[in-house]
Structure formats: structure tokens, C-alpha cells
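Engineer: 3D, please:
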Amino acid sequence: MAPAGLRKNAQFRRVYTEGHRTAGERIIVYWLRTGDSGIHPGFVASKKKAGSKAHQRNRAKRLMREAFRTVRDRITEKDLWIVFIASFDAERTSFGQLLEDVERSLTRAGLITGD
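Structural biologist: Down below sits the predicted model:
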């Protein structure tokens with residue numbers, strides 16, 4: 001079963017206004033410590049940054065979801081809302097490049113262990 005993620009606009013807005021931000025070369029990460037149990041991710045791919053075609057934005061979100069699944073067990077906080085924003089071209093970016101950028105950004109934020 002898929003993890004419960006952020007779905008409502010108000011949830012994303014709350015993370016943007018009240019949360020913290022860090023940016024890598026290919027991704028921007030916002031996070032907010034909440035009282036909720038669990039980690040609730042949200043994924044954003046805009047036409048301006050990720051591509052004008054729907055398949056490009058869908059690929060960007062798929063890559064970000066897989067990168068999140070890869071690092072999820074290493075996240076030290078357990079009551080987070082995390083928003084990942086694509087600022088890369090999904091057709092020219094490999095999964096390895098994105099994963100490295102996600103790990104670097106989350107480590108800089110102090111959210112994952114440095115394995």
C-alpha cells in the first residue's frame with residue numbers, strides 16, 4: 001500500500017510558509033516537522049521547470065518518488081511533511097544523478113543519516 005502523502009493545496013502551502021527549504025542542483029526540498037506520525041511526501045513538477053508535456057512531468061514525479069523510496073528508511077525524523085519540487089529536465093537526468101542530489105539535499109537539511 002502506498003504511503004499517505006500530501007494531497008491538498010493547503011498542506012503544500014503550509015509546508016512552504018511554515019517549513020524549511022534546501023535546494024540542490026536538480027531538486028528543491030521543503031520540510032515541516034508536524035505532530036502527525038509518519039512521513040508524508042508530496043511531489044511537484046511544474047510546466048516551467050520540469051517540462052511542458054505531461055509525460056515529462058509524470059516522469060519527473062516518478063523519479064522523485066523512487067528516490068524518496070530509496071532514502072525513506074534513512075530519514076531520522078518520523079513526523080515530517082516533505083515536498084520535493086522538480087527543477088530538472090526528466091529526459092536528460094538519470095535516476096542516479098537525481099538520487100545523489102536528493103541524498104545531498106536531505107543530508108544538508110539534517111534529515112537523513114550520512115551512510
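
Engineer: And the strands in this protein, which stretches?
Structural biologist: Assigned by DSSP state E, the chain shows strands spanning 20-23, 27-33, 38-44, 79-86.

Engineer: For residue 4, find the nearest of those strands.
Structural biologist: strand 38-44 (5.9 Å; C-beta to C-beta). Bear in mind the C-beta positions are built from the backbone N, C-alpha and C, glycine included.

Engineer: what lines up beside that closest one in the sheet?
Structural biologist: strand 79-86 (parallel) (DSSP bridges).

Engineer: ok, the nearest residue to residue 89 once chain neighbours are set aside - contacts?
Structural biologist: The shortest distance from residue 89 to any non-neighbouring residue, by C-beta to C-beta, 6 or more residues apart in numbering, is to residue 51 (6.6 Å). Residue 51 makes contacts with 45, 57, 60, 89, 90, 91, as judged by C-beta atoms under 8 Å, 6 or more residues apart in numbering.

Engineer: Show the buried residues in those residues.
Structural biologist: For these, a neighbour count by 16 or more other C-beta atoms under 10 Å gives the buried set as 45, 57, 60, 90.

Engineer: Does residue 106 touch residue 71 like I think?
Structural biologist: Yes - assessed by C-beta atoms under 8 Å, residue 106 is found in contact with residue 71 at 6.3 Å.

Engineer: Identify the single longest helix in the protein, thanks.
Structural biologist: Scanning the chain for the longest helix, with DSSP state H as the assignment, gives helix 54-71.

Engineer: Summarise which helices and strands that helix is packed against.
Structural biologist: strand 38-44, helix 47-50, strand 79-86, helix 95-108 (3 or more C-beta pairs under 8 Å, 6 or more residues apart in numbering; DSSP states H and E).

Engineer: and the least confident helix or strand in the chain by mean pLDDT, how far from the chain's centre?
Structural biologist: Of the helices and strands making up the chain, the lowest-confidence element is helix 47-50, at a mean of 90, by mean pLDDT, DSSP states H and E. Helix 47-50 has its C-alpha centroid displaced from the chain centroid by 15 Å (C-alpha atoms, centre = their mean, to the nearest Å).

Engineer: Before I go, just wanted to say thanks for your time.
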